[in-house]
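Colleague: Need the 3D shape of this:
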Amino acid sequence: MSEWDCAYDFVSVGSGGGGLVGALRAAAQGRSALVIEKQPLVGGSTAMSGGMVWVPANPLMLADGISDSYDEGMAYFDSVVGDAGPGSSTARRHAYLTDGPRMISFLSDAGVRFKRCAGYPDYYDLSPGGNAEGRSVEGVPYDARRLGEWRDKLQPGLAASIGFSAMTEEIPAMMHFNRSRRSFAVAGRIAMRTLWAKLRRRPLLTNGSSLMGQILEQLVARGIPVWLDSAVEELVVEDGRVTGVRVTRGGVTTRVRARAGVLLAAGGFARNEEMRQKHGGDQKTTGEWTMANPGDTGEVLSMAVALGARTDLMDEAWWLPSPSPYFGMSAMNSARQRAHTVFVDTGGKRFCNEANSYVEVGKAMFALGTVPCWLVFDDNYRRSYTHSQTSVGRLPKEWVASGEIKKADTLGELADSCGIDPSGLVDTIEAFNRHAATGSDPAYGRGESRYNRHLGDPGHKPNPALGPLDRAPFYALPIFPGDVGTCGGLVTDEHARVLGEDDEPLPGLYATGNITATVMGRAYLGAGGSIGNTMVFGFVAAEHACTRDT
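Modeller: This next block holds a predicted model:
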């Protein structure tokens, strides 16, 4: 291509965590950077998320005296992820563990304020290298007024859905405000923070919107342009190297040169039914249960594949077992982690530790052909917990009246109404109850890990995650393998360079986040693993691209 409309050193395609961090890192190295976003709002999936970032041996941990190390992090990857293909190679794990802490320090030095999620355990804290104190950080509550005209251009986050300015680490306690003094105190703190912000007319952001709002503020302060409503139509190749992109912006075609490199951070293909059907394998869905970013449509991934890029883990996603969308932002998503519940298949049998990682539970549903499975609970559960933002200790009448939740006086009757084998369900619950009454689960070990207990009921003894189903009436509702995005795609190396089928880098092309085969493989290691993946390798890509001669 002989003519360009404009030129930058580093171009990020996508405005989530990886895209913004990459642009900010490029600017810090004295290079010009541009962020291109096809949607009208900035922030991508990261802004929509809980906003935690999982990084072993991060500087906030070490400052608090929490023991952790590179070797422990590598042992944890080895024990939980194992051999998961080229996306989680030893070299990429090494980059994650060495550059992750540097990335957190870089953002902190740039003005992003983090808080350590104290006591939020790794998801496999009992595995070799697991950390029971947790390795996650999140952004502090952030005043959106600091964004000026960009305030209304930021993708709304989790707190906007629940109506409270709660930090993600506080949500488990908030949901159990009626179950312990500590939880009540945390809920009170959240309520006062929310009320005080409203009284002061201070738009307070938490979760992913805080993280992305803070990073966006730094981009704006440094004059880094962010183009919204701008769709990349082509990756431009000259003499075998990706040298820029062709963008449609305001109905006008713009040719943007990228002197140092193009970073693809455009998300996965959770919203692309054709791609999910083609690549889903034994974990195939149409995307009907996804909660992913509406922009996860996969066209940028397809552009890279057309250039010869290698892919892996295309059947994988960040699974999140969920009830029907009818329930909205209810607490039924978390029922599996509380006492007095089980998941069963149509034979009435349990098939997993319900309180384990959502990715693990979702994969178990597919592996055993249990789609959907059934959440079964008793009246102890109904009386004890929050169910929605306005319902505590009682189910909203419309939930049962609509038939979305089945209710019966006996387990056999409940099974009949759900199409579950009655004898199988009765036998399962009887066996489960014998052990649950003493706080044990010999079948699946529910409640043994610190992670299970952390998300359970702090007022339930002896096991916060486990309790018998022995009080009628009984209830059930179907659970589907929802997801918050796909996590397979382009294979990249330790520098975030996109690799071709011959395992050689495609010159000038980098990628990070859900458009890539994640370094987490087929597991989820801790709260913020997906955001850590995109931000760390966005940081890595910018460093590598901007240190080569252009």
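
Colleague: and stretch 493-502, which residues are buried?
Modeller: D493, E494, H495, A496, R497, V498, L499, G500 (16 or more other CB atoms under 10 Å). C-betas here are computed from N, CA, C, even on glycine.

Colleague: can you name the two of those that are farthest apart?
Modeller: The span of the buried residues of stretch 493-502, defined through CB to CB, is set by E494 and G500 at 16.1 Å.

Colleague: residue contacts, the closest residue in space to T370 that isn't next to it in sequence?
Modeller: Distance criterion CB to CB, 6 or more residues apart in numbering; nearest residue to T370, sequence neighbours excluded, is D345 at 4.2 Å. Each residue near D345 by CB atoms under 8 Å, 6 or more residues apart in numbering is listed here: F351, L368, G369, T370, C373, W374.

Colleague: Mind listing the residues bridging to the last one?
Modeller: Residues found in beta-bridge contact with W374 (criterion: DSSP bridges) are V344, P478.

Colleague: what's the closest of the contacts of D345 to A221?
Modeller: Nearest member of the contacts of D345 to A221, counting by CB to CB, is C373, at 48.4 Å.

Colleague: My guess is that closest one contacts I420. True?
Modeller: No. With contacts counted by CB atoms under 8 Å, C373 stays clear of I420, the gap being 9.9 Å.

Colleague: Settle it for me: which of those two has more neighbours?
Modeller: Neighbours per residue (other CB atoms under 10 Å) separate C373 from I420, with C373 holding more: 27 against 24.

Colleague: what's the burial count for K363?
Modeller: K363 has 22 neighbours, counted by other CB under 10 Å.

Colleague: If we ignore the residues flanking it in sequence, what's nearest it?
Modeller: W319 (6.1 Å).

Colleague: Just the C-alphas of the helix or strand harbouring the one you found, formatted as CSV.
Modeller: Counting by DSSP states H and E, the element that carries W319 is strand 317-322. In CSV, the C-alpha atoms belonging to strand 317-322 read as follows (Å, rounded to 0.1, in the frame of the first residue of the first chain):
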residue,chain,number,x,y,z
ALA,A,317,-14.6,-20.7,26.9
TRP,A,318,-14.8,-19.1,30.4
TRP,A,319,-17.7,-21.2,31.4
LEU,A,320,-20.2,-19.9,34.0
PRO,A,321,-23.0,-22.3,34.9
SER,A,322,-26.1,-20.1,35.1
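
Colleague: buried set for it?
Modeller: Buried residues in strand 317-322 (16+ other CB under 10 Å): A317, W318, W319, L320, P321, S322.

Colleague: Same question for stretch 119-127.
Modeller: The neighbour-count check on stretch 119-127 (16+ other CB under 10 Å) flags Y120, P121, D122, Y123, Y124, D125, S127 as buried.

Colleague: for stretch 234-248, same thing?
Modeller: By neighbour count on 16+ other CB under 10 Å, the buried set for stretch 234-248 is L235, V236, V237, V242, T243, G244, V245, R246, V247.

Colleague: do the same with stretch 204-224
Modeller: Buried, per 16+ other CB under 10 Å, within stretch 204-224: 204-220, 224.

Colleague: Pull the distance from it to the chain's centre.
Modeller: 19 Å (CA atoms, centre = their mean, to the nearest Å).

Colleague: Grab the CA positions of it and hand them over as CSV.
Modeller: The C-alpha coordinates for stretch 204-224 follow below in CSV (Å, rounded to 0.1, in the frame of the first residue of the first chain):
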residue,chain,number,x,y,z
LEU,A,204,-18.4,6.1,41.9
LEU,A,205,-17.1,3.2,39.8
THR,A,206,-16.0,-0.2,41.1
ASN,A,207,-15.1,-3.5,39.6
GLY,A,208,-14.1,-3.6,35.9
SER,A,209,-15.3,-0.1,35.3
SER,A,210,-13.0,1.3,38.0
LEU,A,211,-10.0,-0.6,36.5
MET,A,212,-10.8,0.6,32.9
GLY,A,213,-11.8,4.1,34.0
GLN,A,214,-8.5,4.6,35.7
ILE,A,215,-6.5,3.3,32.8
LEU,A,216,-8.5,5.3,30.3
GLU,A,217,-7.8,8.5,32.4
GLN,A,218,-4.1,7.9,32.0
LEU,A,219,-4.5,7.4,28.2
VAL,A,220,-6.5,10.6,27.9
ALA,A,221,-3.9,12.5,30.0
ARG,A,222,-1.2,11.4,27.7
GLY,A,223,-3.1,12.3,24.5
ILE,A,224,-3.4,8.8,23.3
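
Colleague: Which secondary structure element of the chain has the lowest mean pLDDT?
Modeller: Using mean pLDDT, DSSP states H and E, helix 158-162 stands out as the lowest-scoring helix or strand of the chain, at a mean of 74.

Colleague: Next SSE downstream of that helix?
Modeller: helix 171-175.

Colleague: Output that next one as CSV, restricted to C-alpha atoms.
Modeller: As requested, the backbone C-alpha atoms of helix 171-175 are provided in CSV (Å, rounded to 0.1, in the frame of the first residue of the first chain):
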residue,chain,number,x,y,z
ILE,A,171,-19.7,-9.2,47.0
PRO,A,172,-19.5,-12.6,48.8
ALA,A,173,-19.9,-10.9,52.1
MET,A,174,-22.7,-8.6,50.8
MET,A,175,-24.7,-11.6,49.6
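
Colleague: Can you name every helix or strand that it contacts?
Modeller: On a contact count with 3 or more CB pairs under 8 Å, 6 or more residues apart in numbering; DSSP states H and E, helix 171-175 meets helix 181-199.

Colleague: Return the set of buried residues in the helix it packs on.
Modeller: By 16+ other CB under 10 Å, the buried positions in helix 181-199 come out as S183, V186, A187, I190, R193, T194, A197.

Colleague: Farthest-apart pair in the residues you listed, please.
Modeller: Across these (CB to CB), the longest gap, 21.4 Å, separates S183 and A197.

Colleague: Do I have it right that Y451 meets D125?
Modeller: Yes. Shown here, Y451 and D125 form a contact pair, counting by CB under 8 Å, at 5.5 Å.

Colleague: Next, check the buried residues of stretch 234-248 against the helices and list the overlap.
Modeller: Assignment to helices by DSSP state H places none of the buried residues of stretch 234-248 there.

Colleague: Please narrow those residues to those residing in strands.
Modeller: L235, V236, V237, V242, T243, G244, V245, R246, V247 (DSSP state E).

Colleague: pLDDT value on the third one, please?
Modeller: In this prediction, V237 carries a pLDDT score of 98.

Colleague: swap in R201?
Modeller: 87.

Colleague: Kindly report the same for G163.
Modeller: pLDDT recorded at G163 is 79.

Colleague: now swap in A197 and tell me
Modeller: If you check A197, the pLDDT there is 87.

Colleague: hang on, the earlier thing: where do the contact lists of C373 and I420 overlap?
Modeller: With CB under 8 Å, 6+ apart, C373 and I420 have common neighbours V344.

Colleague: Look up which residues are beta-bridged to T254.
Modeller: Under the criterion used (DSSP bridges), T254 bridges to V247.

Colleague: Report the contact partners of it.
Modeller: Contacts of T254 (CB under 8 Å, 6+ apart): D5, C6, S230, R246, V247, T248.

Colleague: how far out from the middle of the chain is stretch 61-74?
Modeller: That offset, for stretch 61-74, works out to 22 Å (CA atoms, centre = their mean).

Colleague: and that stretch, which residues are buried?
Modeller: Of the residues in stretch 61-74, M61, I66, D68, E72, G73, M74 count as buried by neighbour count, 16+ other CB under 10 Å.

Colleague: And for stretch 15-35?
Modeller: By neighbour count on 16+ other CB under 10 Å, the buried set for stretch 15-35 is 15-28, 31-35.

Colleague: Kindly check the end-to-end length of that stretch for me.
Modeller: Using CA to CA, to the nearest Å, one end of stretch 15-35 lies 6 Å from the other.

Colleague: All set, thanks.
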